[in-house]
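Chemist: Give me a 3D structure for the following:
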Amino acid sequence: LLACSLVVAVAIGAGQSFDPGAYLEHVKYLASEKLEGRATGSRGLDLAAEYIARVFQQAGLGPGAGRSYYQEFPVSVDVALGEGNRLQYCIGQDCTTLELGKQFVPLNFSGSGRCRGPVVFAGYGISAPELGYDDFAGVDLKGKIVIVFRHEPQEFDDSSIFAGRIQTEYSQPYSKALEMLQRGACAGLMVNDVSNHGGHDGSLEEFNGAAAPADVGIPFIHVDAAVVRRWFAHAGRDLEKIGQTIDRELKPVVFELPNELQVDVQAELMRTERVARNVIGFKPGRSTEYVIIGAHYDHLGRGEQFSMAPERAGEIHPGADDNASGTAALLELARYFGRRPPLRRGLLFIAFAGEELGLLGSGYWVRHPLLRPEDAVAMINLDMVGRIRDGRVYVGGLSTSPDWKPLVEELAQVTSLKLDFTEDSAYGSSDHTAFSRLRVPVLYFFSGLHADYHKPSDTWDKIEAEPAAQLLSLVARLVERLAESPTRLSFVVGQTAQTR
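Modeler: Numbers count the residues shown, from 1 in each chain. Down below sits the predicted model:
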């Protein structure tokens with residue numbers, strides 16, 4: 001009876017249908033023991049990538065990365081701290097050596113090497129000129145050690161140009177380190193943004209070397225806020241007040257610390273380098289413009305990092321809902337559109353790797369776009385769409401364009417799904433957030449958190465395939481409207497709409 005119910009097609013209009021059974025088959029394979037949880041850098045993720053590429057090819061999509069379906073980028077596995085990790089600072093002749101693990105710790109993507117020299121503070125270490133905010137504008141970082149705050153400005157402000165409570169790609173420490181590297185800094189130091197956390201210094205990042213972004217090329221160290229507070233006090237500055245000022249005015253605060261403060265940073269990490277792959281298929285349109293449909297296909301492997309059941313580390317975390325469910329939706333949309341005549345705009349299907357490690361795959365695509373970014377009209381992200389309960393689906397990203405809500409509400413009139421536009425519960429920190437860098441309106445579909453999230457119990461048999469097929473019907477109508485509309489969506493920066 002179950003098998004019969006799963007093969008019932010769900011109509012989405014004349015000649016349009018999605019098969020819950022076909023959707024579920026993708027989930028079953030991606031969440032199978034054979035793929036061992038699809039950790040980034042693992043053989044299981046490679047098998048998943050090959051499966052996705054085959055489906056794209058069978059659907060009639062062309063390679064989206066030149067002649068290949070794969071866009072490769074480096075990641076690290078089995079990262080370990082060496083013996084040469086040291087942080088010392090001197091104020092004049094008075095020198096202090098900090099204690100590893102208590103007062104400082106290298107992040108797992110830190111480069112190895114040594115740097116000694118002057119120090120500059122550069123706000124949150126964010127360069128987002130498209131949002132009107134840039135901590136690095138006009139600042140000389142060459143050969144300097146750069147201190148930045150953790151996270152983003154206005155962390156608890158829902159109307160922020162950043163996503164407020166939801167952390168965007170700009171909050172990722174790896175993104176901050178890349179910006180420093182590109183500007184010639186010799187080392188980066190990250191300090192907790194204590195003004196946003198009740199004045200509590202907070203804890204240092206716990207070092208975990210199971211998997212990590214690639215070696216960033218410079219030492220990058222998390223430093224205890226109490227230490228940085230002393231440095232700032234010597235410069236006549238207040239750590240908390242600086243954070244409050246940036247949050248209030250949303251303007252960068254940048255300054256050099258006195259030359260008598262000299263910091264000596266040394267990092268040594270040992271790692272194995274692997275290749276991760278975004279899997280990309282492209283359906284050309286009648287113009288150069290295109291719509292992006294994305295989902296991340298990586299998960300936690302055996303739960304060595306980010307597991308919500310740490311006592312079960314070592315067991316396979318299958319990630320059926322997170323995010324085999326979204327990947328299966330991506331594949332069924334590819335099969336549906338792949339056999340149709342070209343639309344006005346092309347369709348770019350991207351299965352992202354490295355999302356669980358900090359939006360690595362989407363961040364890499366945004367920094368290395370394979371099509372002209374100005375031709376992207378929208379990005380639709382599917383992350384955890386397999387556990388729709390009582391027909392409720394959360395829709396996030398509406399604030400990136402005033403055109404989204406009326407469009408989605410119009411298309412949803414023929415579905416029984418209940419769309420929830422509560423932004424702070426739906427606009428999650430997933431791959432769509434990286435696309436603000438390209439000024440692309442984004443929309444995010446999500447069926448909600450549950451007790452199996454990031455646990456070995458997130459298994460395929462708990463997926464609700466028929467409601468997922470109904471959601472695919474809605475998303476297909478949305479994609480078709482975006483691809484055929486004679487006009488483009490407007491993109492919103494903060495409270496200001498700008499038509500692209």
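Chemist: For Ile463, see how far away the nearest residue to Leu30 once chain neighbours are set aside is.
Modeler: In this structure, Leu30 finds its nearest non-sequential neighbour in Ala324, 3.7 Å apart by C-beta to C-beta, 6 or more residues apart in numbering. Where C-beta positions appear, they are placed from N, C-alpha and C, glycine not excepted. As judged by C-beta to C-beta, to the nearest Å, Ala324 and Ile463 stand 8 Å apart.
Chemist: in the chain, which helix has the most residues?
Modeler: helix 465-484 (DSSP state H).
Chemist: Quick check: next helix or strand after that helix?
Modeler: Beyond helix 465-484 on the C-terminal side, the first helix or strand identified by DSSP states H and E is strand 490-493.
Chemist: and that following strand, which strands flank it?
Modeler: Strand pairing for strand 490-493, determined by DSSP bridges: strand 496-499 (antiparallel).
Chemist: Go through the helix or strand hosting Ala226 and flag the buried ones.
Modeler: Secondary structure from DSSP H and E places Ala226 in helix 225-234. Under the neighbour-count criterion of 16 or more other C-beta atoms under 10 Å, helix 225-234 has 225, 227-229, 231-232 buried.
Chemist: low-scoring pLDDT stretches of this protein, where are they?
Modeler: 1-16, 163-166, 198-202, 423-428, 493-500 (pLDDT under 70).
Chemist: Which parts of it are helices?
Modeler: So, for the chain - with DSSP H - the helices run 2-6, 20-30, 43-58, 173-182, 225-234, 239-249, 326-338, 360-367, 404-411, 423-426, 465-484.
Chemist: Tell me which of those helices sits nearest to Gly303.
Modeler: helix 43-58 (13.1 Å; C-beta to C-beta).
Chemist: okay, the angle between the closest one and helix 20-30?
Modeler: Interaxial angle of helix 43-58 relative to helix 20-30 (axes from the mean of the first three to the mean of the last three C-alpha atoms, to 10 degrees): 150 degrees.
Chemist: outside of helix 43-58, which residues touch it?
Modeler: Contacts with helix 43-58, where a contact means C-beta atoms under 8 Å, 6 or more residues apart in numbering, come from 26, 29-30, 34-39, 69-70, 276-277, 279, 281, 297-298, 301, 327, 331, 334-335, 338, 349, 351, 353.
Chemist: thought the residue nearest to Leu30 was touching His26?
Modeler: Yes. In this structure, Ala324 is within contact of His26 by C-beta atoms under 8 Å, at 7.2 Å.
Chemist: neighbour-wise, which of the two wins?
Modeler: Between Ala324 and His26, Ala324 has the larger neighbour count (other C-beta atoms under 10 Å), namely 29 against 22.
Chemist: how close does the more buried one sit to Asp383?
Modeler: Distance from Ala324 to Asp383, by C-beta to C-beta: 11 Å.
Chemist: Kindly report the same for Phe207.
Modeler: As judged by C-beta to C-beta, Phe207 and Asp383 stand 27 Å apart.
Chemist: So which of those two has more stuff around it?
Modeler: Neighbour count, other C-beta under 10 Å: between Phe207 and Asp383, Asp383 has more, with 26 against 19.
Chemist: Who are the contact partners of the closest residue to that one other than its chain neighbours?
Modeler: Sequence neighbours aside, Ser430 is the residue nearest to Asp383 in space, at 4.4 Å (criterion: C-beta to C-beta, 6+ apart). Shown in contact with Ser430 (C-beta under 8 Å, 6+ apart): 296, 355, 359, 381, 383, 444.
Chemist: how many other residues sit next to Tyr89?
Modeler: For Tyr89, the number of neighbouring residues by other C-beta under 10 Å comes to 21.
Chemist: Gly314 now?
Modeler: When counting by other C-beta under 10 Å, one arrives at 11 neighbours for Gly314.
Chemist: The spatially closest residue to it that is not a sequence neighbour and Ala39: what is the separation?
Modeler: Once flanking residues are discounted, Gly314 sits nearest to Arg302: 5.3 Å by C-beta to C-beta, 6+ apart. Separation of Arg302 from Ala39 (C-beta to C-beta): 7 Å.
Chemist: Over to Gly301?
Modeler: Gly301 is 3 Å from Ala39, where distance means C-beta to C-beta.
Chemist: can you list residues touching both of these two?
Modeler: Common contact partners of Gly301 and Ala39 (C-beta under 8 Å, 6+ apart): 210-211.
Chemist: Quickly name whichever of the buried residues of helix 225-234 is closest to Pro406.
Modeler: For the buried residues of helix 225-234, the residue nearest Pro406 by C-beta to C-beta is Ala225; the value is 45.2 Å.
Chemist: Thought Val194 was touching that closest one, still the case?
Modeler: Yes. Ala225 lies in contact with Val194 (C-beta under 8 Å); the separation is 5.1 Å.
Chemist: Can you give me the neighbour number for Pro129?
Modeler: That count, for Pro129 with other C-beta under 10 Å as the rule, works out to 10.
Chemist: List the backbone torsions phi and psi for the closest residue to it other than its chain neighbours.
Modeler: Residue nearest to Pro129 in three dimensions, not counting chain neighbours: Ala137, with 7.6 Å by C-beta to C-beta, 6+ apart. Phi and psi for Ala137, reported as degrees, to the nearest 10, are phi -60, psi 120.
Chemist: quick one, what contacts Ala137?
Modeler: So Ala137 contacts 127, 129, 252 (C-beta under 8 Å, 6+ apart).
Chemist: cool, and Ala334?
Modeler: Ala334 makes contacts with 55-56, 59, 61, 281, 283, 293, 349, as judged by C-beta under 8 Å, 6+ apart.
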